[in-house]
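**Student:** output the structure for:
(one chain, ligands or ions: 1)
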Amino acid sequence: MIAIETRNITKQYGNKKSINDVSLTIKKGELFSLLGVNGAGKSTLIKMLSCLVKPTGGKASIFGYDVTKEPEQVKNVISVSPQETAIAPNLTVYENLELMTGIHGFSKKDREQRVREIMDTFSLMPFQRQRSKTLSGGWKRRLSIAMALITEPDILFLDEPTLGLDILARRELWKVIKGLKGNVTIILTTHYLEEAESLSDRICILKQGEVKALGTAEELIVKTSTLSFEDAFVALVEGVSI
Ligand SMILES: Nc1ncnc2c1ncn2[C@@H]1O[C@H](COP(=O)(O)OP(=O)(O)OP(=O)(O)O)[C@@H](O)[C@H]1O
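**Tutor:** Numbering: from 1, shown residues only. Reported below is the predicted structural model:
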């Protein structure tokens with residue numbers, strides 16, 4: 001089943017195309033990474049798919065719903081875990097999660113149960129009464145992802161989930177993300193190449209708003225005749241033709 005489909009999607013700001021004619025098909029349950037150097041267009045593409053900005057050309061659909069014509073239906077099946085964590089710092093872990101259930105219209109009765117379920121999934125129970133601002137960076141990101149998943153979305157956009165975390169915290173979060181694989185379709189952006197390589201089913205490399213390469217990490221290594229994914233990435237963004 002197809003989760004996300006774009007056909008020649010384009011976003012032009014002034015006379016510059018931040019995304020130019022991008023056509024992609026992402027399957028349900030896939031973990032799909034978007035890579036590219038700064039300014040390649042990753043955030044712009046995610047913003048269009050999550051109905052935050054409108055395409056200036058082409059189209060995109062999420063489970064068949066058009067992102068421009070049916071944004072309400074799209075928003076019902078997606079969730080975004082943004083780069084800047086969406087956490088209220090003075091609220092406890094429990095209160096942050098409860099707030100999300102309130103925003104999304106859970107009944108009083110269901111709220112507590114859902115909060116407990118998601119705390120359990122993300123091992124947040126021991127921190128439930130702790131103010132969020134006192135959590136470490138890794139646990140803040142974990143809470144942020146838990147908040148994004150409280151509505152059990154079909155699609156989760158994860159924008160640089162491990163930015164600034166040390167390698168141990170990053171690997172802990174990788175375990176969490178791997179645990180979600182298959183159940184939720186995940187679109188991940190990251191600048192950490194080993195993260196994309198370790199987590200992704202397929203990787204799309206954007207360059208100046210266009211798809212430069214698409215495939216598994218292994219396929220991209222083979223296509224560029226390199227020995228590592230990092231070398232493949234560098235070759236692709238520096239302009240190897242494949
Ligand atoms: N609101 C805007 N108005 C004008 N130009 C914009 C706007 N948003 C993005 N751009 C431009 O579009 C291009 C792509 O930006 P985008 O933020 O999508 O890249 P990115 O790949 O997410 O970069 P990064 O890795 O730095 O987050 C850049 O040249 C950027 O300056």
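**Student:** the residue of the chain most remote from its centre in helix, strand or coil?
**Tutor:** Distance from the C-alpha centroid of the chain, by CA atoms, centre = their mean, peaks at K109 (30.2 Å). The three-state assignment at K109 reads helix, by DSSP: H, G, I helix; E, B strand; the rest coil.
**Student:** state the helix or strand in which L236 lies.
**Tutor:** Using DSSP states H and E, L236 sits in helix 229-237.
**Student:** show me what that helix packs onto, helices and strands only.
**Tutor:** helix 193-199, strand 202-207, strand 210-215, helix 217-223 (3 or more CB pairs under 8 Å, 6 or more residues apart in numbering; DSSP states H and E). In short, each C-beta sits where N, CA and C put it, glycine included.
**Student:** which phi and psi does the closest residue to C51 other than its chain neighbours have?
**Tutor:** Nearest residue to C51 in three dimensions, chain neighbours excluded: P71, at 4.1 Å (CB to CB, 6 or more residues apart in numbering). Taking degrees, to the nearest 10, you get phi -60, psi -30 for the backbone angles of P71.
**Student:** identify the residues contacting the residue farthest from the centre of the chain.
**Tutor:** By CB atoms under 8 Å, 6 or more residues apart in numbering, no residues touch K109.
**Student:** on that earlier part again, got the helices and strands packed on helix 229-237 as CSV, with mean neighbour count and distance to T92 columns?
**Tutor:** Listed next are the helices and strands packed on helix 229-237 as CSV, based on neighbours: other CB atoms under 10 Å; distance: least, CB to CB, whole Å:
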stretch, mean neighbour count, distance to T92
helix 193-199, 20, 29
strand 202-207, 22, 37
strand 210-215, 18, 42
helix 217-223, 17, 39
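**Student:** got the residues of this protein near the ligand?
**Tutor:** Residues of the chain lying close to the ligand by CB under 6 Å from any ligand atom are 13, 18, 36, 38-44.
**Student:** neighbour-wise, which one of those leads?
**Tutor:** Among those, K42 has the most neighbours (other CB atoms under 10 Å), with 26 neighbours.
**Student:** my read: that residue touches T189, true?
**Tutor:** Yes: using CB atoms under 8 Å, K42 is in contact with T189, at 4.6 Å.
**Student:** where's A169, which helix or strand?
**Tutor:** Counting by DSSP H and E, A169 is part of helix 167-180.
**Student:** what's that helix packed up against?
**Tutor:** helix 137-148, strand 185-189, helix 193-199.
**Student:** show me where the chain dips below the pLDDT cut-off.
**Tutor:** In the predicted model of the chain, residues 83-84, 240-242 satisfy pLDDT under 70.
**Student:** show residues contacting the helix or strand that contains S43.
**Tutor:** Under the criterion of DSSP H and E, S43 resides in helix 42-49. For helix 42-49, the external contacting residues (CB under 8 Å, 6+ apart) are 4, 6, 9, 11, 18-19, 22, 34-36, 53-55, 60, 62, 67, 78, 80, 157, 159, 187, 189, 206, 209.
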